[in-house]
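> Here you go, sequence then predicted model.
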Amino acid sequence: MPRKGSHIFCVLQHNIYFYRQNKKVMKKTYFILVLLLAITTTAFAQTVIITTSVGTMKAKLYSNTPNHVRTFVARAKQGKFNGTLFTRVIPGFMIQGGSLDSRNAAPGAKVGFADRSTEIMPEFRPEHFSKKGALAAPRQNDDINPKRKSDMSQFFIFEGKVYRSGELDTLELRANQKIQRKAMEKFYNPVENELLALRDTNKAEFNRRIRIIREQVDSMVMATPGHLKFTPEQREAYTTVGGYHYLDGLYTIFGEVTEGLDIIDKIANQPRDIYDRPKKDIRIINIKIE
């Protein structure tokens, strides 16, 4: 049997959800302006041309990840990536290639092993996230690489999927559920009986108190590490070109593919073996720096 405050608890949760939905309409213009500002203020270091056996991609490298850009450009100019393979491709996720051990590798061989000698410190930037086309550095797992150093012997490019706006809302609600429950216990539970009384006697005061609690809950969620809140830029990207949001902030992203996004799809959807290596070799012919 539901406890006496469960109805208000549900109402408050629904209010929080629909409040966020309604804010989208009011902030549409703001979102567009923020997105345009982000686009116009993004500084690029250099442009690279990635020529593969199935097509060509053009990518821009970010100026605020200088160590990754410098290392990637140096290896490209040295021809380290030329003739290597895309060794791991997973549709709806990413394509990875560039490792030296894949050059002239025998068919079916497991390749793409890490090179710990090429590791550099991460350069995480919150404005760079795992949208489709994001160019990132792989790394070893946290248990053996607690500093999350990047392995610059190879690279990967996100493919991901396109999300509906409602899917992103659901992801936020699920991810923040435990945090929100703790916030409700802190801000709602102590005044539950008062709210029950106000609901029937003073509707205006009831609504005012609910609004305050909602703001307190939102503030606590946003201040808690591990919460999920998509930015306007993320929402725009994930609902248009797509991406793989689960890895946001976990790998250094140092550039983005600006032309040839269809080549990512072509590579990601190749038939693959048990190691996720394409059964038909997809080769990186060369990477040129403009």
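Happy to help now that I have it.
> going forward, measure contacts between C-alpha atoms and count neighbours the same way
OK.
> Can you classify Asp262 as helix, strand or coil?
Of the three states, Asp262 takes helix under DSSP: H, G, I helix; E, B strand; the rest coil.
> For it, give its distance to Ala268.
Distance of Asp262 to Ala268, computed by C-alpha to C-alpha, to the nearest Å: 10 Å.
> ok, the two, which is more surrounded?
Comparing Asp262 with Ala268 by other C-alpha atoms under 10 Å, the one with more neighbours is Ala268, at 26 against 14.
> Hmm, Thr87 and the more buried one touching each other?
No - taking C-alpha atoms under 8 Å as the definition, Ala268 is not a contact partner of Thr87, at 10.8 Å.
> Need the overlap of contacts for these two.
The contact sets of Ala268 and Thr87 do not overlap (C-alpha atoms under 8 Å, 6 or more residues apart in numbering).
> Which pLDDT value belongs to the residue lying farthest from the centre of the chain?
What lies farthest from the middle of the chain is Thr201; by C-alpha atoms, centre = their mean that is 47.1 Å. pLDDT recorded at Thr201 is 92.
> So which residues of the stretch 101-250 of the chain form strands?
Along the stretch 101-250 of the chain, counting by DSSP state E, counting those that start in this stretch, strands occupy 119-120, 134-136, 150-151, 155-158.
> Pipe those strands into JSON lines and attach distance to His68, mean neighbour count and mean pLDDT per row.
Below are the strands of the stretch 101-250 of the chain laid out as JSON lines (distance: least, C-alpha to C-alpha, whole Å; neighbours: other C-alpha atoms under 10 Å; pLDDT from 0 to 100):
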{"stretch": "strand 119-120", "distance to His68": "8", "mean neighbour count": "19", "mean pLDDT": "98"}
{"stretch": "strand 134-136", "distance to His68": "9", "mean neighbour count": "26", "mean pLDDT": "98"}
{"stretch": "strand 150-151", "distance to His68": "8", "mean neighbour count": "23", "mean pLDDT": "98"}
{"stretch": "strand 155-158", "distance to His68": "11", "mean neighbour count": "25", "mean pLDDT": "98"}
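> Report how many residues lie close to Pro107.
11.
> do the same with Ala204
Ala204 - counted by other C-alpha under 10 Å - has 11 other residues nearby.
> circling back: relative to Thr231, which of the strands of the stretch 101-250 of the chain is closest?
strand 134-136 (16.5 Å; C-alpha to C-alpha).
> quick one: contacts of the closest one?
With contacts defined as C-alpha under 8 Å, 6+ apart, strand 134-136 is touched by Phe155, Phe156, Ile157, Phe158, Tyr251, Thr252, Ile253, Phe254, Gly255, Glu256, Val257.
> okay if I get those residues as TSV plus distance to Val69?
Below are the contacts of strand 134-136 laid out as TSV (distance: C-alpha to C-alpha, whole Å):
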residue	distance to Val69
Phe155	12
Phe156	14
Ile157	15
Phe158	17
Tyr251	14
Thr252	11
Ile253	10
Phe254	7
Gly255	8
Glu256	12
Val257	14
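> Pull the most distant pair out of these.
Tyr251 and Val257 (16.5 Å).
> re the thing from before, now the strands of the stretch 101-250 of the chain as CSV including distance to Phe44?
Formatted as CSV, the strands of the stretch 101-250 of the chain follow (distance: least, C-alpha to C-alpha, whole Å):
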stretch, distance to Phe44
strand 119-120, 20
strand 134-136, 13
strand 150-151, 20
strand 155-158, 17
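> wait, which of the ones you listed is closest to Asp143?
Per C-alpha to C-alpha, nearest to Asp143 of those: strand 150-151, 14.2 Å.
> Show me what the closest one is packed up against.
strand 119-120 (3 or more C-alpha pairs under 8 Å, 6 or more residues apart in numbering; DSSP states H and E).
> tell me which strands and helices the strand it packs on is in contact with?
strand 150-151.
> So what are the sheet partners of the strand it packs on and their directions?
Strand pairing for strand 150-151, determined by DSSP bridges: strand 119-120 (antiparallel).
> chain center to the strand it pairs with, what's the gap?
In terms of C-alpha atoms, centre = their mean, to the nearest Å, the gap separating the centre of strand 119-120 from the centre of its chain is 21 Å.
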